[in-house]
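Peer 1: make a model of this:
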Amino acid sequence: MPRLNAARNPSTPPATLRVLAGDGDAWVRRAVAKNPSTPPEALARLAGDGESWVRVAVLHNPPTPPEALSVLARDPYDYVRRAVAENPSTPPEADRKSTRLNSSHTVISYAVFCLKKK
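Peer 2: Okay, here's the model as predicted:
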């Protein structure tokens with residue numbers, strides 16, 4: 001619990017948050033990803049986290065660097081790419097438009113699948 005509390009606390013020193021970004025507990029990493037004091041290099045590291053819900057938390061943190069947003073634009077999960085497309089800080093080279101189209105394509109494909117089942 002102390003690690004989780006430190007990860008959530010905006011007063012936690014950046015050096016500690018960098019260490020916690022590599023914690024074995026995904027809840028701690030998610031708290032680091034959401035912490036507004038987390039340094040950009042730690043957020044970039046968390047953009048490659050194995051848990052998609054940790055990666056989504058990175059997207060909601062204002063200091064997330066553009067390089068991390070570009071990496072997340074190629075995420076295998078549709079809802080992560082959709083969150084990138086909706087992030088106003090996403091750089092143009094992340095191709096926000098095609099990310100949005102990929103997300104829409106999945107929804108349309110599912111709708112067609114449901115209609116065919118009737």
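Peer 1: pLDDT below threshold where in the chain?
Peer 2: Regions of the chain meeting the criterion pLDDT under 70 cover residues 93-118.
Peer 1: show me where it has helices.
Peer 2: The residue ranges that make up the helices of the chain, judged by DSSP state H, are 2-8, 14-20, 26-34, 40-46, 52-59, 66-72, 78-86, 96-117.
Peer 1: just the CA trace of the first one, in PDB.
Peer 2: By that I understand helix 2-8. In PDB, the C-alpha atoms belonging to helix 2-8 read as follows (Å, rounded to 0.1, in the frame of the first residue of the first chain):
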ATOM      1  CA  PRO A   2       2.800   2.500   0.700                       C
ATOM      2  CA  ARG A   3       4.000   2.200  -3.000                       C
ATOM      3  CA  LEU A   4       0.500   2.800  -4.300                       C
ATOM      4  CA  ASN A   5       0.100   5.900  -2.000                       C
ATOM      5  CA  ALA A   6       3.400   7.300  -3.200                       C
ATOM      6  CA  ALA A   7       2.500   6.600  -6.800                       C
ATOM      7  CA  ARG A   8      -0.800   8.600  -6.300                       C
END
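Peer 1: ok, and for stretch 21-37, which residues are buried?
Peer 2: Of the residues in stretch 21-37, 21, 23, 28-35, 37 count as buried by neighbour count, 16 or more other C-beta atoms under 10 Å. Using the backbone N, CA and C atoms, a C-beta is placed for each residue, glycine as well.
Peer 1: now swap in stretch 56-63 and tell me
Peer 2: So stretch 56-63, judged by 16+ other C-beta under 10 Å, has buried residues 56-59, 61.
Peer 1: and which of these is nearest to residue 11?
Peer 2: Taking C-beta to C-beta as the measure, residue 61 is the one of those closest to residue 11, at 16.3 Å.
Peer 1: quick check, the closest one in contact with residue 31.
Peer 2: No: between residue 61 and residue 31 no contact is recorded; they are 11.1 Å apart, counting by C-beta atoms under 8 Å.
Peer 1: quick one: contacts for residue 45?
Peer 2: Under the criterion of C-beta atoms under 8 Å, 6 or more residues apart in numbering, the neighbours of residue 45 are 21-22.
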